[in-house]
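[1] Sequence first, then the predicted structure:
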Amino acid sequence: MGKKARNREARRSIRERARQWAANIARTFLSYCLPCVRGTEVEAQCQDKSLVDRKSPQPVQEEVTTRPAHRTRYLNLKGVLHPQSNDYPWSGENGMCECGGIGYHPVITSGSEFRIQDHRDTMAARSKSATTQVKDAVTSGGLPDCRYSVMGNFNQGTVAGIVGPSENAGTQCTSMAYTAVVASAFLPVGIWSRNTLDTILQLGDQLHEQILTNMGNNAPQNRFLAFDELPHKPRIGAFRWPVKCAFGPEHQGVISANGDHNSEIERYLKETFGEGYSGCLMTFDGMTSAVLQNNDETYSVFDSHGRNIMGMIDGEGQASLLRFTSLIDVAKHVSGQARDVSLYGLVGVKVKTRDTP
């Protein structure tokens with residue numbers, strides 16, 4: 001057989017195989033695909049899906065681009081807040097008071113124009129906090145158990161941003177108090193340390209910047225945030241916090257330095273904690289702090305402003321975590337920080353973590 005004859009035979013063989021392949025495709029379509037077009041269940045009739053060749057002719061249709069499923073990334077708050085071995089020196093360096101709880105503090109450093117010699121004294125003075133907010137009267141009352149006072153290394157006015165000083169220095173108290181309530185769901189308040197407070201301030205500063213960025217042109221010019229501007233699902237950049245928060249109704253009232261409305265504040269706090277809220281945010285005179293409940297039925301007040309170890313306003317002070325034995329002591333403490341007579345707002349926050357059923 002010549003070369004030309006062999007070529008003709010090869011071409012004939014190729015055409016025959018192509019006809020057989022087309023016939024197989026047609027039989028597969030009629031047996032398996034046509035019932036699907038007619039509305040019948042393909043799974044009931046398809047015994048072997050591998051018989052369907054992916055290269056079979058398909059009707060021309062508009063191309064639809066599908067995006068890959070987005071996987072939410074969560075910030076490991078438990079790991080971020082987890083205490084380190086050097087967090088508890090137990091030598092006074094952690095912010096605990098060295099007076100042993102007797103109440104005499106002759107060596108408390110303060111950047112204010114007054115020096116507290118005894119926390120039982122009541123005095124009037126002028127003091128300026130790190131947020132340049134002036135308070136004319138400082139009243140001691142509802143005193144914290146200073147043996148358990150914890151002080152950070154800085155306050156909201158001196159916290160560092162990701163690169164250099166924070167751009168929101170002095171305005172982040174609401175975001176930081178909110179962060180403190182969230183942190184209490186991952187680390188019991190009773191074992192918070194100086195480093196814990198520092199971490200909360202840094203997270204709160206980043207959250208504050210994120211909220212303002214998300215608000216865009218609607219962000220307040222003074223960069224202060226209200227309760228209803230806090231997100232239920234906080235996030236920083238691409239990382240969501242592993243929580244979903246709910247806010248209770250806001251209680252509003254009058255707070256006075258002489259303590260005339262302490263019983264009302266105490267009642268609101270009792271109602272809030274009685275309804276199972278994780279913590280409370282309280283704002284007055286443009287400053288927000290967080291009230292938290294401890295496991296031993298005591299209470300703590302987290303404040304990101306410059307304070308001394310007794311919770312008094314101090315321009316050179318740090319963020320503080322003060323412990324109180326009762327809610328009436330908490331009410332006395334916060335009213336002692338007020339400027340004469342002021343309006344306040346109080347709202348409860350429920351924190352549901354991803355592990356919570």
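    It's in.
[2] need the next SSE after the helix or strand where Asp205 lies, C-terminal direction.
    Secondary structure assignment for Asp205, by DSSP states H and E: helix 194-215. Next helix or strand after helix 194-215 toward the C-terminus (DSSP H and E): strand 235-236.
[3] Okay, now the sheet partners of that next one, with direction.
    According to DSSP bridges, strand 235-236 has the following sheet partners: strand 239-240 (antiparallel).
[4] pLDDT of the strand it pairs with, averaged?
    Across strand 239-240, the average pLDDT comes to 93.
[5] Same check on stretch 284-303?
    For stretch 284-303, the mean confidence score works out to 93.
[6] Next: stretch 171-191.
    95.
[7] May I have the distance across that stretch, first residue to last?
    27 Å (C-alpha to C-alpha, to the nearest Å).
[8] and what of stretch 219-239?
    Stretch 219-239: ends 21 Å apart by C-alpha to C-alpha.
[9] which non-adjacent residue is nearest Pro188?
    Once flanking residues are discounted, Pro188 sits nearest to Asn295: 6.1 Å by C-beta to C-beta, 6 or more residues apart in numbering. No exception for glycine: its C-beta is placed from N, CA and C like everyone else's.
[10] The one you found contacts Gly190, doesn't it?
    Yes. Here Asn295 reaches Gly190: they are 6.1 Å apart, a contact under C-beta atoms under 8 Å.
[11] More neighbours: which of those two?
    Gly190 (15 against 9; other C-beta atoms under 10 Å).
[12] show me what contacts the more buried one?
    Residues near Gly190 by C-beta atoms under 8 Å, 6 or more residues apart in numbering: Asn294, Asn295, Asp296.
[13] Tell me the bridge partners for Leu281.
    Ala290, Val347.
[14] Check the gap between it and Val254 for me.
    Leu281 sits 18 Å away from Val254, taking C-beta to C-beta, to the nearest Å as the criterion.
[15] Also Asn295?
    From Asn295 to Val254 the distance is 32 Å (C-beta to C-beta).
[16] Dump the contacts of Gly190 into TSV; add distance to Ile328 as well.
    As requested, the contacts of Gly190 are exported to TSV (distance: C-beta to C-beta, whole Å):
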residue	distance to Ile328
Asn294	16
Asn295	20
Asp296	17
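[17] will you turn those residues into JSON lines that also has distance to Tyr268 and secondary structure?
    Below are the contacts of Gly190 laid out as JSON lines (distance: C-beta to C-beta, whole Å; DSSP: H, G, I helix; E, B strand; the rest coil):
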{"residue": "Asn294", "distance to Tyr268": "19", "secondary structure": "coil"}
{"residue": "Asn295", "distance to Tyr268": "22", "secondary structure": "coil"}
{"residue": "Asp296", "distance to Tyr268": "22", "secondary structure": "coil"}
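[18] my read: Ser193 touches His82, true?
    No. Counting by C-beta under 8 Å, Ser193 does not reach His82; the two are 11.0 Å apart.
[19] Could you name every residue contacting both of these two?
    The contact lists of Ser193 and His82 share no entry, where a contact means C-beta under 8 Å, 6+ apart.
[20] neighbour-wise, which of these two wins?
    Neighbours around Ser193 and His82, counted as other C-beta under 10 Å, are more numerous at Ser193. The numbers are 20 against 13.
[21] per-residue confidence for the residue nearest to the more buried one when sequence neighbours are not counted?
    Spatial nearest neighbour of Ser193, chain neighbours left out: Asp87 (3.9 Å); criterion: C-beta to C-beta, 6+ apart. Per-residue confidence (pLDDT) for Asp87: 72.
[22] same check, this time on Asn168
    90.
[23] give the contact list for it.
    Asn168 neighbours (C-beta under 8 Å, 6+ apart): Asp205, His208, Glu209, Leu212, Arg223.
[24] I'd like the secondary structure assignment at it, please.
    The local conformation at Asn168, judged by DSSP: H, G, I helix; E, B strand; the rest coil, is coil.
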